[in-house]
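**Student:** curious how this folds, go ahead:
(2 chains)
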Protein chains: 2
Amino acid sequence: MVPQKHRVLLMRDDSKPLYRQIYEHFRAAIAHGQLRPGGRLPSVRRLAQEFATARGTVDAAYALLAGEGYIVARGPAGTIVSPELGGRAIARTAFRLRPTNRIELHAIERPRPFQLGLPSLDMFPRKIWSRLVARQARELSAAEMAYPDPTGFPPLREAVAAYLATSRGINCTWRQVLITNGYQGALGLIAEVLLNRNDKVWLEDPYYPVARTALETAGAKLVSIRVDPEGIRVADGVALARRARLAVVTPSHQSPLGVALSLPRRLALLSWANDTGAFVVEDDYDSEFRYVGRPLPALKSIDCNDRVLYAGSFSKVLFPSLRLGYLVLPKNLVADFARANLHRGYGAATLVQRIVAAFMIQGHFARHVKRMRDLYATRRKALSEALFAVFGERVEVDLKPGGMHLIVRYSNRADDVQLAKLAQDAGLGVEPLSRRAVAHPCERALLLGSQMSTRQTLLICADSSSRRSVHD
Amino acid sequence: MVPQKHRVLLMRDDSKPLYRQIYEHFRAAIAHGQLRPGGRLPSVRRLAQEFATARGTVDAAYALLAGEGYIVARGPAGTIVSPELGGRAIARTAFRLRPTNRIELHAIERPRPFQLGLPSLDMFPRKIWSRLVARQARELSAAEMAYPDPTGFPPLREAVAAYLATSRGINCTWRQVLITNGYQGALGLIAEVLLNRNDKVWLEDPYYPVARTALETAGAKLVSIRVDPEGIRVADGVALARRARLAVVTPSHQSPLGVALSLPRRLALLSWANDTGAFVVEDDYDSEFRYVGRPLPALKSIDCNDRVLYAGSFSKVLFPSLRLGYLVLPKNLVADFARANLHRGYGAATLVQRIVAAFMIQGHFARHVKRMRDLYATRRKALSEALFAVFGERVEVDLKPGGMHLIVRYSNRADDVQLAKLAQDAGLGVEPLSRRAVAHPCERALLLGSQMSTRQTLLICADSSSRRSVHD
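**Tutor:** Below you'll find the predicted structure:
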């Protein structure tokens, strides 16, 4: 039953593991159109039999193909070539439109393995989401099609306030919640409203690149403050730039080091802001994903004098292409921000806000966060074990209690920028830690996103091991 | 069969037309919960019989109620109270969610009659749209859920380029098309990329308020250039501020005067830009709606030296709460704009862009524009006739060949700001023309959006007439 061509091509090639040969064969067959979208693949059992290999080997190859979108398992109906693939399918997905249109289709780059900051898109509850989208589209009223409230769709603002009250201990009214086009846009808005020319801003060192770029673009004068195991060194900030107008921090899980800001530092930061009239931006980008112990309450939850602007995003808990986030504003800044948002024409499509509001209000959001928390815990454990299995004592994985990435240290102190470059050239999303610091020495290590599927992770590790790892 | 309470309340009241009494009675009954969502109303025939009035009178009242969303005609099944209405329904629509959630629902203000710049939302092809949304949501791939292309979703950019080629004579590649969060955001971006501190910008006088606010917010130094029947007086601009960096104009249909920029002026404008290295922003906000003769080609279509940034928006051809627009950029500015968009975190949700792309590519967009063009022609004619029927020679309606609003002049030269204030207090979206000018004298007149339904328009005109018009 296995077509002749499969048999011919799958001659053993000792330079590559067999699963990899199977994978490459089918990928080429699909890309070259020998296997058409919707076409069936041989069953795992049959192919394993044919080649006298373990079913796990074929299983691994199929998992890799499925993970990259080439094939789809249809349960008892077998495995087929993904019907969504167009002709030229290599490492791309195509936007599917009616074949009659004359507009050329475009391929979109797919996310890279280990890419930072990406949620596990393969496990997003697509069915529930699609059903909800369809319903919200039908129910969008004429009033909701007209010009929207520039501060955001009120039901979404309420849903966010309710969520933050229970999950982050933040006590705010829905009127303090401003819906943004994501964190980057939020920082631009903050800079516009709060900063005067030449106002200084504290930024953690090492830093989160998105924050740095957004603040620089907005013209802020950045002061890099060192981060140690207790988080940002507030005393350094006071010594370097006491009159700064703003501090931008990641207290729950410092980006990228993963440390939490200690309570004494939190109090010192708030007290500095209160004494000098400065504000603090709390970027709480992934606090949902803490696997050990209880989540830390937000800095905002102990902010008695309303100095903290709390920033959250749906990019990591839902998905990035929503372009949706929020700010919780001090009460006396609400009017200024609403005006700035209106004048800049900011705002997300009401349909998108309505969908997310319904997703939250109907309880899907909390369930999704819980499922992802369990999944990410499993996946990071698997990745860390796989790294150990392949590299042994040569690497040390820093498993922080939370987060969506791992810091991988290695024994030979090779240049992490160069290592990451090699990994990137091989199509991986690995990043060098030392590049994240500007003003202070920063150790060499690699940053790896840990949200991809376990099976893919294992296979990639096994594969790079069999090809000789880059730092051998 | 007419319930007792209807009979009692509908005693003739000579100070108001009967249709108005019927309308007010049912509106109150719905608002106070005497008629519940889903409850049936008496048939038009029965109610007309009961009160020995023409069926047209009841019909008019029902049309007004339906237009405001209180009731829904169900064909042969009769007319029912809109099932979407919550308890407190007066002049509001509610966001419908599961009754079990504890989050308080919010009302959203509905658009006002004669409001400017609003498309006919009542005639939007909701069924086609909803079906398409559902499908696009299901088909959104994992890659499309990840971080999007900051310049926009490529298939939408292609669809826009193809549309502009056929409908506006603009010859551009899809790479020159940048998707924006609407015109306001686009102007902010333009200001950031093109303007240095103290750079001057020509703006038409009278002006489009959104453009003025966005440019002022971005720190541009505005120079107001007078508009006459041939459009912006380019020679005045050259005399006042030859070294300006930018001119922001509405050549197809000046906002608000409705005049088209003459060909000599177009050539003068382009030649000024070419000579001085300035750029021109062409805001082509409603060129789709031209009722007499052929549409004028865009200024961009005769821009041989790539000095024009063409701005379009989906707010008027689809609906405003999409927050979606586009810019066609000169080729040598594409990279700068892409970088600025990326650094500012701009960008619309990929789902929304995919929906609009599919709507265009599948031909719904062109059909919708054509249907709306016919509809708007009918509606503005009806409004203009109604105004004549009510006010006779006291008003003069300026019917330009295109556009979505009317300029209404009146004989007694009363203060248009005051008149508009009275109209606004009565819940109408009327605006005074004279407020739109800052540097040059501008006549007194009223601006009226002409996209609301004919029936509603007629009723409101009749109603204000029966209550004595404001300028009698």
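**Student:** got the contact list for stretch A:434-443?
**Tutor:** A:205-207, A:209, A:224, A:226, A:256, A:409, A:416-417, A:420, A:433, A:444-445 (CB atoms under 8 Å, 6 or more residues apart in numbering or on different chains). (Glycine included, C-beta is placed from N, CA and C.)
**Student:** what sits against the residue of the stretch 301-450 of chain A found nearest chain B?
**Tutor:** Residue nearest to chain B within the stretch 301-450 of chain A (CB to the nearest CB): A:G345, separated by 2.4 Å. Each residue near A:G345 by CB under 8 Å, 6+ apart is listed here: B:181-188, B:210, B:214.
**Student:** how about a cut-off of 10 Å?
**Tutor:** Neighbouring residues of A:G345 by CB atoms under 10 Å, 6 or more residues apart in numbering or on different chains: A:150, B:180-189, B:210, B:213-214, B:217, B:323, B:325.
**Student:** likewise for A:P148?
**Tutor:** A:179, A:347-351, A:353, B:108, B:320-323.
**Student:** residue ranges with poor pLDDT in chain A?
**Tutor:** A:1-17, A:31-34, A:51, A:67-69, A:84-110, A:295, A:453-472 (pLDDT under 70).
**Student:** circling back: tell me which of the contacts of stretch A:434-443 fall in strands.
**Tutor:** If you go by DSSP state E, those have A:205, A:224, A:226, A:409 in strands.
**Student:** show me which of the residues you listed is closest to chain B.
**Tutor:** A:S224 (18.8 Å).
**Student:** list the contacts for that closest one?
**Tutor:** A:202-207, A:212, A:236-237, A:240, A:437-440 are the contacts of A:S224 under CB under 10 Å, 6+ apart.
**Student:** among the residues you listed, name the ones in helices.
**Tutor:** Residues of those located in helices (DSSP state H): A:212, A:236-237, A:240.
**Student:** follow-up on the earlier one: residues near the closest residue to the residue of the stretch 301-450 of chain A closest to chain B other than its chain neighbours, how many?
**Tutor:** Nearest non-adjacent residue to A:G345, counting by CB to CB, 6 or more residues apart in numbering or on different chains: B:Q184, 2.4 Å away. When neighbours are defined as other CB atoms under 10 Å in any protein chain shown, B:Q184 has 26 of them.
**Student:** and if you look at A:S130?
**Tutor:** Applying other CB under 10 Å, we find 18 residues neighbouring A:S130.
**Student:** rewinding a little: closest one of the contacts of stretch A:434-443 to B:A389?
**Tutor:** A:P209 (64.4 Å; CB to CB).
**Student:** residues contacting that closest one?
**Tutor:** The contact partners of A:P209, by CB under 10 Å, 6+ apart, come to A:116, A:255-256, A:431, A:435-436.
**Student:** now those as JSON lines including neighbour count?
**Tutor:** Putting these into JSON lines (neighbours: other CB atoms under 10 Å in any protein chain shown) gives the following:
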{"residue": "A:L116", "neighbour count": "18"}
{"residue": "A:S255", "neighbour count": "25"}
{"residue": "A:P256", "neighbour count": "24"}
{"residue": "A:E431", "neighbour count": "23"}
{"residue": "A:R435", "neighbour count": "16"}
{"residue": "A:R436", "neighbour count": "20"}
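**Student:** what's the farthest-apart pair in the residues you listed?
**Tutor:** Using CB to CB, the contacts of A:P209 reach their maximum pairwise distance at A:S255 and A:R435, which is 13.4 Å.
**Student:** who touches both of the two?
**Tutor:** Common neighbours of A:S255 and A:R435, counting by CB under 10 Å, 6+ apart, are A:206, A:209, A:447.
**Student:** any idea how far the second one lies from chain B?
**Tutor:** Going back to what we said before, that points to A:P209. 11 Å (CB to the nearest CB, to the nearest Å).
**Student:** ok, the first one next?
**Tutor:** Look at A:P206 and chain B: by CB to the nearest CB, they are 20 Å apart.
**Student:** list phi and psi for that residue.
**Tutor:** The phi/psi pair for A:P206 (degrees, to the nearest 10) reads phi -60, psi 160.
**Student:** and for it, the neighbour number?
**Tutor:** With other CB under 10 Å as criterion, A:P206 counts 23.
**Student:** name the nearest residue to it, ignoring sequence neighbours.
**Tutor:** Nearest to A:P206 is A:R436, by CB to CB, 6+ apart, at 3.6 Å.
**Student:** so how many other residues sit close to the closest residue to A:A186 other than its chain neighbours?
**Tutor:** The shortest distance from A:A186 to any non-neighbouring residue, by CB to CB, 6+ apart, is to A:T180 (4.1 Å). A:T180 is flanked by 29 other residues according to other CB under 10 Å.
**Student:** and what of A:C172?
**Tutor:** Neighbours of A:C172 (other CB under 10 Å): 20.
**Student:** and the stretch 201-350 of chain A, which of its residues are near chain B?
**Tutor:** Counting by CB under 10 Å from any CB of the partner chain, the stretch 201-350 of chain A comes close to chain B at A:210, A:213-214, A:216-218, A:315, A:318-325, A:339-340, A:342-350.
**Student:** which members of those occur in helices, if any?
**Tutor:** A:210, A:213-214, A:216-217, A:339-340, A:342-344, A:350.
**Student:** who wins for neighbours among those residues?
**Tutor:** A:T350 (28 neighbours).
**Student:** that one reaches A:P150, doesn't it?
**Tutor:** No: between A:T350 and A:P150 there is no contact under CB atoms under 10 Å: 11.4 Å.
**Student:** returning to what we had before: show me the two of the ones in helices among the contacts of A:S224 that sit farthest apart.
**Tutor:** It's A:R212 and A:D236 that sit farthest apart of those, by CB to CB, at 17.7 Å.
**Student:** so A:I355 sits right up against A:E144, yeah?
**Tutor:** No: counting by CB under 10 Å, A:I355 sits too far from A:E144 to count as a contact (11.9 Å).
**Student:** what is in contact with these two at once?
**Tutor:** Taking CB under 10 Å, 6+ apart as the contact criterion, the common neighbours of A:I355 and A:E144 are A:136, A:153.
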